[in-house]
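Visitor: Please work out how this folds:
(2 chains)
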Amino acid sequence: MELISNVLIDFALAFCVAFCWGILFGTPWKALLVTGLLGGFGHGIRFILLQSNMGLVAATLIASVSIGLLGIYVAHKVHNPPVVITMPACITMIPGLYAYRSMLAGIKLSDQAILDKNPNIIPTIAHNAVLTFSLLFTLAVGISISALLFRNKSIKEIRFDKSRTRLKEK
Amino acid sequence: MENTTKSPQNIKANEVAEFILDAGVFLMASGAHSGRVWRNCRRIAEHWGYRMNFTPTFTGILVSVWDDKNSENAVTRYKTAPSNSVHLETLTQISHLSWKIAYGEIEYNDARCELEAIKSKAHYPFWLVALAVGISCGCLCTLAGGSLIDAALAFCGASVGSVARYFILKKQFNQFLSIIIASAITTLIAGTDTIFGLGRAPEMTLATSVLYLIPGVPLINSVIDLLEGYFSASIARSLFAASIVSSIAVGMILSIMLLGINNF
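Guide: A predicted model of the protein is given here:
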């Protein structure tokens, strides 16, 4: 029961984050709600996977790929290119904390006294920088999953059902 | 993509190239990856009966437009991109415009007018952006494990920094300078959490309150371009993103030094 309420809280917070990033990036009004829902959905998936002891990078990869795939379908419904929706949704998982930690350790590295006291700074930088870059890469893979799978094909040409096909022929 | 390539009626290659450059360069600056720019531009050129090829870089686009049947009617032009400001609504609208052109629903002159209208479209008002930025940084802080006080400080820091950045950019200062100052202001506000030990997780406040400055769109676009094989655009984007990230770091360092490095 507690798990469910935690997932719901996570969903709600991530919804706000994705919605607001949509405003920052200038996503059209009509697509903002969808953006928030996608962001909450992706972050919720990541939360569940992390709770079941999956690695951070793998969990983020699965979450961002599911955002990317769902985004292709949803983009049809709201008549927007998928990037407009999936970009702010994926940003909810941006590795800010790890970037900050590697930067802070980098500042400390410039000071000889701190380095002598705590030689673990270099592994800290390396660990956090590697995490930052791999998380960023997984986010980009999630967003570009449509371009990777349906190479050189516009999303608008993917057909889901016959009614849309007829609409296009008209 | 089976557009029947009509013979070019009375649209010159030069005009087509100009339209494509206008749309493409603006798309690029608004946060589209090179593959998207390429698809949109080719859709437009094919409907007007021309073949095209282009080299996208982050700072500009070089485009060649030619007519297969008439080798005289060909042109190669270059246009520098305006400064990067992410606005995803542009992507939607130019994409719709290009489909309208591809279905033959709109003439050249009308399409030009519509492009101008898209270009002058305003972003959300700065106070709304500041509010949104504050809420999202506060939520991110809570997600990362901060308490309500942490989230409130992250909210204040991010909103104030965002407003400051808006006014600095309005005075036409360098955008890297605006980012340095904004991140310094944000860190000063968020740093009070650490100094006075207000919240449960002051580290999260500092880490999440500057996230609104992170160049997410260029960073992710650079990887997408890399995956799709537009290497020069990818390198330029990642350099741009890296210099923004280091500007954020410089601003944070200034504030952290001011507050005393040993407190962190």
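Visitor: What about the residue lying closest to B:Tyr166 once chain neighbours are set aside, how many residues nearby?
Guide: Nearest residue to B:Tyr166 in three dimensions, chain neighbours excluded: B:Phe126, at 4.4 Å (CB to CB, 6 or more residues apart in numbering or on different chains). All C-beta spots, glycine's among them, are computed from the backbone N, C-alpha and C. Using other CB atoms under 10 Å in any protein chain shown, B:Phe126 has 15 other residues around it.
Visitor: Counting by contacts, list what the one helix or strand B:Ile189 maps to packs against.
Guide: Taking DSSP states H and E as the criterion, B:Ile189 maps to helix B:175-196. Using 3 or more CB pairs under 8 Å, 6 or more residues apart in numbering or on different chains; DSSP states H and E as the contact test, the elements touching helix B:175-196 are helix B:148-170, helix B:202-209, helix B:231-259.
Visitor: what mean pLDDT does that helix have?
Guide: Mean per-residue pLDDT for helix B:175-196: 89.
Visitor: Same question for stretch A:55-70.
Guide: For stretch A:55-70, the mean confidence score works out to 91.
Visitor: what's the answer for stretch B:216-227, then?
Guide: Rounded mean pLDDT across stretch B:216-227 is 86.
Visitor: who touches that stretch?
Guide: Stretch B:216-227 has contacts (CB atoms under 8 Å, 6 or more residues apart in numbering or on different chains) with A:21, A:25, A:87, A:90-91, A:94, A:136-137, A:139-141, A:143-144, A:147-148, B:31-35, B:58, B:84, B:86, B:231, B:233-235, B:237-238, B:240-241, B:244.
Visitor: Point out the ones among those residues that are inside helices.
Guide: Among the contacts of stretch B:216-227, the members found in helices (DSSP state H) are A:21, A:25, A:87, A:90-91, A:136-137, A:139-141, A:143, A:147-148, B:34-35, B:231, B:233-235, B:237-238, B:240-241, B:244.
Visitor: And those, which of them are buried?
Guide: A:21, A:25, A:87, A:90-91, A:136-137, A:139-141, A:143, A:147, B:34-35, B:233-234, B:237-238, B:240-241, B:244 (16 or more other CB atoms under 10 Å in any protein chain shown).
Visitor: so how far is stretch B:248-261 off the chain centroid?
Guide: Remark: stretch B:248-261 is offset 27 Å from the chain centroid, using CA atoms, centre = their mean, to the nearest Å.
Visitor: and if you look at stretch A:79-93?
Guide: Here the centre of stretch A:79-93 is set off from its chain's centre by 9 Å, with CA atoms, centre = their mean.
Visitor: quick one: that stretch near chain B?
Guide: Yes. Stretch A:79-93 reaches chain B (CB under 8 Å from any CB of the partner chain) through A:79-81, A:83-84, A:87-88, A:90-92.
Visitor: Next, format those residues as JSON lines and append distance to B:Pro215.
Guide: Shown next, in JSON lines, are those (distance: CB to CB, whole Å):
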{"residue": "A:His79", "distance to B:Pro215": "28"}
{"residue": "A:Asn80", "distance to B:Pro215": "22"}
{"residue": "A:Pro81", "distance to B:Pro215": "20"}
{"residue": "A:Val83", "distance to B:Pro215": "16"}
{"residue": "A:Val84", "distance to B:Pro215": "17"}
{"residue": "A:Met87", "distance to B:Pro215": "12"}
{"residue": "A:Pro88", "distance to B:Pro215": "14"}
{"residue": "A:Cys90", "distance to B:Pro215": "14"}
{"residue": "A:Ile91", "distance to B:Pro215": "11"}
{"residue": "A:Thr92", "distance to B:Pro215": "16"}
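Visitor: tell me which of those residues is nearest to B:Tyr103?
Guide: Nearest to B:Tyr103 out of the residues of stretch A:79-93 next to chain B is A:His79 (CB to CB; 14.3 Å).
Visitor: Next one, pLDDT for the closest one please.
Guide: On pLDDT, A:His79 comes in at 85.
Visitor: got the contact list for it?
Guide: Counting by CB under 8 Å, 6+ apart, A:His79 has contacts B:92, B:96.
Visitor: and it, what are its phi and psi?
Guide: The phi/psi pair for A:His79 (degrees, to the nearest 10) reads phi 60, psi 60.
Visitor: any idea which helix or strand carries B:Thr55?
Guide: Counting by DSSP H and E, B:Thr55 is part of strand B:51-57.
Visitor: Check which strands are paired with that strand and give the direction for each one.
Guide: Using DSSP bridges, the strands paired with strand B:51-57 are strand B:60-66 (antiparallel).
Visitor: Using PDB, write out the CA atom coordinates for the helix or strand that the strand it pairs with is followed by.
Guide: Next helix or strand after strand B:60-66 toward the C-terminus (DSSP H and E): strand B:74-80. Extracted C-alpha coordinates of strand B:74-80, given in PDB (Å, rounded to 0.1, in the frame of the first residue of the first chain):
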ATOM      1  CA  ALA B  74      20.000  26.000 -59.600                       C
ATOM      2  CA  VAL B  75      21.400  27.900 -56.600                       C
ATOM      3  CA  THR B  76      23.600  27.300 -53.500                       C
ATOM      4  CA  ARG B  77      23.200  29.600 -50.600                       C
ATOM      5  CA  TYR B  78      24.200  29.900 -47.000                       C
ATOM      6  CA  LYS B  79      22.500  31.600 -44.000                       C
ATOM      7  CA  THR B  80      23.700  32.100 -40.500                       C
END
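Visitor: Show me what strand B:74-80 is packed up against.
Guide: So strand B:74-80, by 3+ CB pairs under 8 Å, 6+ apart, packs with helix B:13-30, strand B:60-66.
Visitor: which helices and strands sit right next to the longest one?
Guide: If I follow you right, that is helix B:13-30. Against helix B:13-30 (3+ CB pairs under 8 Å, 6+ apart) you get helix B:34-47, strand B:51-57, strand B:60-66, strand B:74-80, helix B:88-102, helix B:108-119.
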